[in-house]
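Trainee: Using only what follows, build the 3D model:
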Amino acid sequence: MKRVVPIRLLLVAGLAISLIANVFLVGFIVRGERQARGAGFLAESIAAAYPEEIRAGFRRQLRDNRPRVLTALRDVRDARRTLAAAANATPLDEKTVERAMEDVRTATDALQRLMQDLLLQTLRARQDAGRP
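Mentor: Residues are numbered from 1 along each chain as shown. Purely as a prediction, here's the structure:
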């Protein structure tokens, strides 16, 4: 009987783990594409502290403003990618990294402002409807 070298076992185990991780990531990405790239997660995380009526109204606001929300999410994602590229560049250019960090802050702030504006519109609509 042929004895299996421990390095080969480790290699096979590593490849199996890599394959499983890739399948999981592909599923996650495909699922994310169907769910407006994070908008659903944002809706639930922002409105979780509010009654169902407010959450439903907020989700409606997100649907009605989908292009704006997706643009803001894309801007955050792009700014983060730019930061990662700048941070991994050799040699490190601190000024470029600092500008990229500022762009991430600006994009994140814009996304947060948009979400808060949509939530405020939802709260106003509830008040205008005569509910406390």
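
Trainee: going forward, measure contacts and count neighbours with C-alpha atoms only.
Mentor: Will do.

Trainee: Which strands or helices does the longest helix seen in the chain pack on?
Mentor: Across the chain, the longest stretch assigned as helix under DSSP state H is helix 94-128. Here helix 94-128 touches helix 52-64, helix 66-88, going by 3 or more C-alpha pairs under 8 Å, 6 or more residues apart in numbering; DSSP states H and E.

Trainee: could those helices go into a markdown table alongside distance to Gln121 and mean pLDDT?
Mentor: As requested, the helices and strands packed on helix 94-128 are exported to a markdown table (distance: least, C-alpha to C-alpha, whole Å; pLDDT from 0 to 100):
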| stretch | distance to Gln121 | mean pLDDT |
| --- | --- | --- |
| helix 52-64 | 8 | 90 |
| helix 66-88 | 15 | 93 |
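
Trainee: okay, those in TSV with mean neighbour count and distance to Thr96 next?
Mentor: What follows is these, written out as TSV (neighbours: other C-alpha atoms under 10 Å; distance: least, C-alpha to C-alpha, whole Å):
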stretch	mean neighbour count	distance to Thr96
helix 52-64	17	34
helix 66-88	17	6
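
Trainee: Give me the three-state assignment for Leu92.
Mentor: Three-state call for Leu92 (DSSP: H, G, I helix; E, B strand; the rest coil): coil.

Trainee: Domain boundaries for the protein, per the record?
Mentor: Split into domains by automatic domain parsing, the chain comes to 1-34, 38-128.

Trainee: and the ones you listed, which one is worst for confidence?
Mentor: Comparing mean pLDDT over the domains of the chain, the weakest stretch is domain 1-34, at a mean of 59.

Trainee: how about the helices and strands packed on helix 94-128 in CSV, adding distance to Thr122?
Mentor: Formatted as CSV, the helices and strands packed on helix 94-128 follow (distance: least, C-alpha to C-alpha, whole Å):
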stretch, distance to Thr122
helix 52-64, 6
helix 66-88, 15
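
Trainee: So what's the residue count around Asp117?
Mentor: A count of nearby residues for Asp117, using other C-alpha atoms under 10 Å, gives 13.

Trainee: between the helices and strands packed on helix 94-128, which one is nearest to Met101?
Mentor: For the helices and strands packed on helix 94-128, the distance to Met101 is smallest for helix 66-88, at 6.2 Å, taking C-alpha to C-alpha.
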